[in-house]
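Sequence first, predicted model second:
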Amino acid sequence: MRAEMNESRQIFRHGATLSPTCRTVQLPAARFPVYAWNGLTKGTNLNAGIVFRAEGIGKSYPGVRANDDVSFDVREGEIHALLGENGAGKSTLVKMIYGLVQPDDGRMELMGQPHRPSDPRAARAAGVAMVFQHFSLFDALTVAENIALGMENPPPRRDLAARITQVSTEFGLPLNPARRIVTLSAGERQRVEIIRCLLQNPKLLIMDEPTSVLTPQETELLFATLRTLAGQGRAILYISHKLEEIRSHCDRATILRGGRVVDSCDPRAHSARELAAMMVGGQMREIDRTGRSAGTVLLDLRGLTMAASSAEGTSLKDVSLSVRAGEILGIGGVAGNGQEELLAALSGESLSAPGSVTLEGRDLSRAGPEARREAGLLAAPEDRLGHAAVPDFSLSENTLLTAGGRKGLVRHGMIDRPAARRYAEAVIANFDVRTPGPGTAARALSGGNLQKFVIGREVLQAPRVLVVNQPTWGVDAGAAAAVRQSLLDLARAGAGVIVISQDLDELLELSDRFCALNEGRLSAPRPTEGLSLDEIGLMLGGAHGMEAAQA
Amino acid sequence: MIRLVPRTETAPVWQVATPILAVLATMIAGGLLFAVMGYDPLAAIRTIFWDPLFGQAAAYSRPQLLVKAGPLILIASGLAVGFRAGIWNIGAEGQYIIGGLCGAGVALAAYPGEHWWLFPAMIAAGAAGGWAWGMIPALLRNSFGASEILVSLMLVYVAERCAAWMAFGPMKNPEGFGFPGSRNLQQYPSAANPELIAGTGAHWGVFAAALAVLATWVLMSRHIRGLHIRAAGLAPRAARFAGVRPEALVAFCLGLSGALAGMAGLFEVAGPAGQITDSFGSGYGFTAIIVAFLGRLNPFGILLAGLLLALTYIGGELAQLTMQLPAATVQVFQGMLLFFLLGFDLLTRFRVERRITA
C-alpha cells in the first residue's frame, strides 16, 4: 500500500515530463530514461550532486553491533566501492538502503528526500535498485517472462520485449528477451538482473559482488556498462572484495571495519596491499611461494568420464590430469561447469571406471571416501555448510567427518571424544579460527572462519594430495590469505594440491600450472608463468555473447 | 493473516519442556472431552494417571507398567535410530507381528521337546523375522526409490493377515477344541518367557528393552556409525562426503528397527500374550512411534516416554472398568499427546506473527 502511494507520488512528480499515455500505463520502464533529480536538486545547492547520503546509521542484532555511526555519501556519476571483510557490516548497510532491514539510528537521504523504506518495494519506488550476488531467476521461463515477474504492473509482453531489446542495446548488454534462462551463461543471467533493475530507472544501483561469476572479458563488459550508467548521472554502489578490480574501476571507496567507517579514499591512489591493510586494520601477510619443487607424479586421472549427478549438473567428459609432489594445479572456470562433479569424483563420493583415478600407483577409482582418505587423497568441497561440515554439529564432531581414521580419533568404531576435541583445538589454534571453542556449532561460525576450519581439518591430516573447491569463496581478505598460504605450505612439504576456483587472481597467485574446466571438459594445463588474462579468458571458453566479435 | 516465522535461536530448555507441556495439555484437553461426554474429568484423569500406580488396584496394575513399557521401549529405541537418519519406518507393528510368528514357529516346531537352546533360538528367529520384514521396504527403496513410509505401513496389514492365517491354519492348536489360536507357550517351559522377578512384571523383554536403551545410547553418542546416522539426518551431503553410503544406511536402520520390533513380538508371544491369535498385533508398533518422538529420539527420553505411554494403556483399561469410559479413550489420549507434542515443537521452532496486509 505504502509502496504504491510512493510510486504514484513519484509519477505525479515526473508528470511534467511524461505524456498522458505514459502516466496511465504506470510502468516504471515507460519513464525511462528520465532523470528526475536533475530538476529536483538544482534548487538546493547544498546537496548538489549527492544521490545518496547516510548519517550516523546504526543497527544492532542480538549480541552484535552490525553498523555503528556509519556516514557516507554517493555522488552522481560515480562508481562508489564499499569495501570490507566479511562481517564488516557491508550487507547490513545495503540491506537497509534496499529496505530489507530498518536502521535503529541515523537517517538516510535519497536525492535530498528522507529515505526510510519499509520494504524493497518502497526502496525500488524511491529509485534504489539492487543486483544480488545470487540470481533470483526461474530457469524454465524466458528473459522477458522473468523480468515481467519482477514488475508491479508488467506491460504487454511485446512492449516489454521491445523495451528490453532497447535498453540492452543502449547499454551494450546483448540479450535476447525470448531466450530461456536455462540456456544462459552466468554472465548473461546477470545481464537479465541488471536490465530488470535498469527498467526501473534507478537513481542508485547497488551491485553485490557482481564479478565473482564472470570471465575477465565479461567483467570488462560489465564495467563498460557501469561506466555508461554513471555517465548518465546515476550513482553505483559497488560491493566487492576484489581489490584490483576496485582499484581500476571505482572512483571512490568507503571502507568498513567492525561496522564502522574507517576510511574513505580514492582507490586508484592506493595499492591493493594498502587497501587490504585498511580493511583488516593491519599489515597483510605476504604470500610466500618459495621453496617448492615438483617431484614425482602423485595423482593421475586418465579419461575420467562421469554422468551428471543431477538434472542441473554437468557431466565430466574424458578428463585427464596429473599432479606432482610439491605442485599446485589450478583449475579455473565458472562454477557449474563440472567443478562439483570433479570434486566428487576425487573425494570418492562418486565412483568412476577402473583405472581412471590413481594415487601413487594405486587405483582408487572404485574406493569410497574413507578408503581414499586412508590412502592420502583428501578433499574440501565448496559448500562449507551442509557438505564440508554438518551445520548443527560442534566443531569437534565435525572433525570426525574426515579425520577419524588418519588422526586416530576413532578406534574400532568407538569415538575418542577427548582426542576429537584436542584435534579441533589444534585446527582452531593453527588456523586462527575465531570461535569460542571446539564445542561451538559449525553454523555459528562466519564463512571465513568455518572455511579456515574446514581447510585446516584436511591440511593438518598431512594429505598426499589435497583437492579444494572454491577455497576462498565469500571469505574475507585476511582469512583468504591464510587459507592460500596454508595450501602453499602444504605443497612445500611435498604434497600435491589441486585448487578449483572461479577467482583468477587466486589461481594466478597459487598455481604452478593452470587449466580450465568448461562444460565438463578440461583444457590442457599450461604453466601459469607468463599466461595473460586474455589467454586465460579464451581457455575458459571466451566471453559469452562476444563470440561473433572474436570470430 | 497469521504467519509462522522461523526463530533464529531455540533454547535447549524447550527440548525438555515441550514433552511435559504436551502431557499437561493432553490432560486438560482430555478432561474437557470427558466433561463434555458427561464424566467427571478430575476423576477420569486421576483414574488414568494416578490410580494404576497408587490406587486400590495398584498391586495388580503396577507390574503391568513394565509389561506394557517393555515392548514400547524396545521398539522405539530402534525406530529412533532410523528417525535420526531421516529413515521413517512406520511399519514396526508388522515387524513385531512377523517376529512373533517366527519365534512362535520355532517353539511350535520343537514342541514338546525341552531344550536349553530353545528360548535363545526363538529370540534369534524373532529378530530375524522382524529384520527380514524391515528389509523389504529397505530393498524397495534402494532399488526403486519406493517410499519406505508407505511400503512399511502397507506391510503391517500383510503381516496382520499372516497372523490370522497362522492362527486359523498352520499354527492352530490341535488340542484347542477348534478354537483359533496356537498352543499357549506359557505352558511350555522351554519356550516360556515368564515373569523373572515376582510382582514386577519384568520378563526377558523388559531386560532386552533396558539393554536396547543402553546400546542405542552408546551407538548414537559414542560410535562413529551413530555420528554418521545423525549427520545423514542433518546434512545428507556431508554424510556422503564423510563416507556414508545412503543405501547401506537405509538397510542398517530398517534392519535394526525391524529386528528390535521382531524381538519385542517374540517376547510378547512367549510371555504376556502366550499364543498367536488373529489379533496378535496390539498396536505397540504404532504407539512406539509416539514414544520415540515424545522421548525426543533420545534413548533415555524414550525410557521415560515408554513408561508414560504404558501408563495411559493401563489407566485407560482401568477407566473402562471403573468408570465405563469407552475403549477408544486410550487411543484418543495417545493421539492427543502426539498432536500436542508436534504442535508445541512447531512453536519452539517458529513464532506466530500476525500481519495486517492491505
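Noted; the coordinates are in hand.

near chain A, which residues of the stretch 201-350 of chain B show up?
The stretch 201-350 of chain B comes close to chain A at residues B:222-225, B:227, B:230-231, B:234-235, B:237-243, B:245, as judged by Cβ under 8 Å from any Cβ of the partner chain. All C-beta spots, glycine's among them, are computed from the backbone N, C-alpha and C.

Mind checking which of those are in helices?
By the criterion of DSSP state H, membership of these in helices covers B:222, B:224-225, B:227, B:230-231, B:234, B:237-242.

what about the nearest residue to A:Pro391 once chain neighbours are set aside, neighbour count?
Excluding the flanking residues, the one nearest A:Pro391 by Cβ to Cβ, 6 or more residues apart in numbering or on different chains is A:Arg443, at 3.8 Å. Summarising burial for A:Arg443: neighbours were counted as other Cβ atoms under 10 Å in any protein chain shown, giving 14.

Same check on A:Arg252?
A:Arg252 has 17 nearby residues by other Cβ under 10 Å.

Contacts only, for it.
A:75, A:78, A:80-81, A:264-267 (Cβ atoms under 8 Å, 6 or more residues apart in numbering or on different chains).

Can I have the buried ones of these as a ChimeraX selection?
Filtering the contacts of A:Arg252 down to the buried ones (16 or more other Cβ atoms under 10 Å in any protein chain shown) takes a single ChimeraX command:
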select /A:75,78,80,81,265,267
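
just curious, which of the contacts of A:Arg252 is nearest to chain B?
A:Ala81 (30.6 Å; Cβ to the nearest Cβ).

Hmm, that closest one is touching A:Arg268, no?
No: applying Cβ atoms under 8 Å as the test, A:Ala81 and A:Arg268 come out as separate, 10.7 Å apart.

list residues touching both of these two?
By Cβ under 8 Å, 6+ apart, the residues touching both A:Ala81 and A:Arg268 are A:Cys250.

Run through the residues that contact B:Leu260.
B:74-75, B:77-78, B:127, B:130, B:212.

I'd like the distance between it and A:Gly233.
73 Å (Cβ to Cβ, to the nearest Å).

same deal with A:Leu141?
Taking Cβ to Cβ, one finds A:Leu141 at 33 Å from A:Gly233.

again, but for B:Phe252
66 Å.

try A:Gln133
26 Å.

so where is chain A shaky, pLDDT-wise?
Applying pLDDT under 70 to chain A flags residues A:1-48, A:62-63, A:86-87, A:213, A:282-287, A:291, A:311-312, A:541-551.

okay, which residue is most central for the chain?
Because you didn't say which chain, this covers chain A. A:Ser212 (4.3 Å; Cα atoms, centre = their mean).

Correction: the question concerned chain B.
Central residue of chain B (Cα atoms, centre = their mean): B:Ala288, at 2.3 Å.

Looks like it contacts B:Ile75 (just checking).
Yes: counting by Cβ under 8 Å, B:Ala288 touches B:Ile75, with 3.7 Å between them.

Could you pull out the residues contacting both of those two?
B:92, B:261.

Would it be right to say that B:Ile87 lies in a strand?
No: going by DSSP: H, G, I helix; E, B strand; the rest coil, the assignment for B:Ile87 is coil, not a strand.

Would you quantify the distance from it to A:Glu327?
43 Å.

can you list the domains in chain B?
Domains of chain B are assigned by automatic domain parsing as B:1-39+B:325-358, B:55-321.

what residue ranges in the stretch 251-358 of chain B are flagged as low confidence?
In the stretch 251-358 of chain B (pLDDT under 70), the answer is B:355-358.

All the strands of it, residue numbers only.
Under the criterion DSSP state E, counting those that start in this stretch, the stretch 251-358 of chain B contains strands at B:350-354.

just the helices in it please.
B:284-294, B:299-323, B:329-349 (DSSP state H, counting those that start in this stretch).

ranges for the strands of the stretch 401-550 of chain A?
Taking DSSP E, counting those that start in this stretch as the criterion, the stretch 401-550 of chain A carries its strands at A:410-411, A:414-415, A:465-469, A:496-500, A:513-518, A:521-522, A:526-527.

Redo those strands as JSON lines? Include distance to A:Ser118 and mean neighbour count.
Below are the strands of the stretch 401-550 of chain A laid out as JSON lines (distance: least, Cβ to Cβ, whole Å; neighbours: other Cβ atoms under 10 Å in any protein chain shown):
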{"stretch": "strand A:410-411", "distance to A:Ser118": "53", "mean neighbour count": "16"}
{"stretch": "strand A:414-415", "distance to A:Ser118": "50", "mean neighbour count": "16"}
{"stretch": "strand A:465-469", "distance to A:Ser118": "40", "mean neighbour count": "26"}
{"stretch": "strand A:496-500", "distance to A:Ser118": "42", "mean neighbour count": "26"}
{"stretch": "strand A:513-518", "distance to A:Ser118": "45", "mean neighbour count": "22"}
{"stretch": "strand A:521-522", "distance to A:Ser118": "49", "mean neighbour count": "20"}
{"stretch": "strand A:526-527", "distance to A:Ser118": "54", "mean neighbour count": "12"}
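
Only whichever of the residues of the stretch 201-350 of chain B next to chain A are buried, select them in ChimeraX.
Restricted to buried positions by 16+ other Cβ under 10 Å, the ChimeraX selection for those reads:
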select /B:223,224,225,227,230,231,234,235,237,238,239,240,241,242,243
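
quick one, helices of the stretch 451-551 of chain A?
A:477-492, A:504-510, A:533-539, A:547-550.

right, and those - which one's nearest A:Gly348?
helix A:477-492 (19.8 Å; Cβ to Cβ).

how far out from the middle of the chain is the closest one?
19 Å (Cα atoms, centre = their mean, to the nearest Å).

which residues sit against stretch B:21-39?
Under Cβ under 8 Å, 6+ apart, the answer for stretch B:21-39 is B:40-42, B:44-45, B:48-49, B:294, B:308, B:323, B:325, B:332-333, B:336-337, B:340-341, B:343-344.

go on, stretch A:477-491?
By Cβ under 8 Å, 6+ apart, stretch A:477-491 touches A:85-86, A:241, A:243, A:276, A:279-280, A:284-285, A:287-289, A:292, A:326-328, A:431-432, A:448-449, A:451-452, A:455-456, A:459, A:463, A:466, A:468, A:471-472, A:475, A:497, A:499, A:506, A:509-510.

run the last query once more with 6 Å
A:276, A:279-280, A:285, A:292, A:326, A:328, A:448, A:452, A:455, A:459, A:471-472, A:497, A:510 (Cβ atoms under 6 Å, 6 or more residues apart in numbering or on different chains).

same deal with stretch A:83-98?
For stretch A:83-98, using Cβ under 6 Å, 6+ apart, the contacting residues are A:59, A:66-67, A:82, A:101, A:103, A:120, A:123, A:128, A:130, A:206, A:239, A:253, A:255-257, A:259, A:279, A:446-448, A:476.

7 Å instead, please
A:57, A:59, A:66-67, A:70, A:82, A:101-103, A:108, A:120, A:123, A:128, A:130, A:206, A:208, A:237, A:239, A:246, A:253, A:255-259, A:275, A:279-280, A:446-448, A:474-478 (Cβ atoms under 7 Å, 6 or more residues apart in numbering or on different chains).

What's the separation between the residue nearest to the centre of chain B and B:Gly335?
14 Å.

could you dump stretch A:530-538 to PDB, C-alpha only?
Extracted C-alpha coordinates of stretch A:530-538, given in PDB (Å, rounded to 0.1, in the frame of the first residue of the first chain):
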ATOM      1  CA  GLY A 530      53.600 -15.800 -18.500                       C
ATOM      2  CA  LEU A 531      50.000 -16.600 -19.000                       C
ATOM      3  CA  SER A 532      48.000 -13.500 -19.900                       C
ATOM      4  CA  LEU A 533      44.500 -12.700 -18.800                       C
ATOM      5  CA  ASP A 534      43.300 -12.800 -22.400                       C
ATOM      6  CA  GLU A 535      44.700 -16.300 -22.900                       C
ATOM      7  CA  ILE A 536      43.000 -17.400 -19.700                       C
ATOM      8  CA  GLY A 537      39.700 -15.900 -20.800                       C
ATOM      9  CA  LEU A 538      39.900 -17.900 -24.100                       C
END
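
With that, I have no additional questions.
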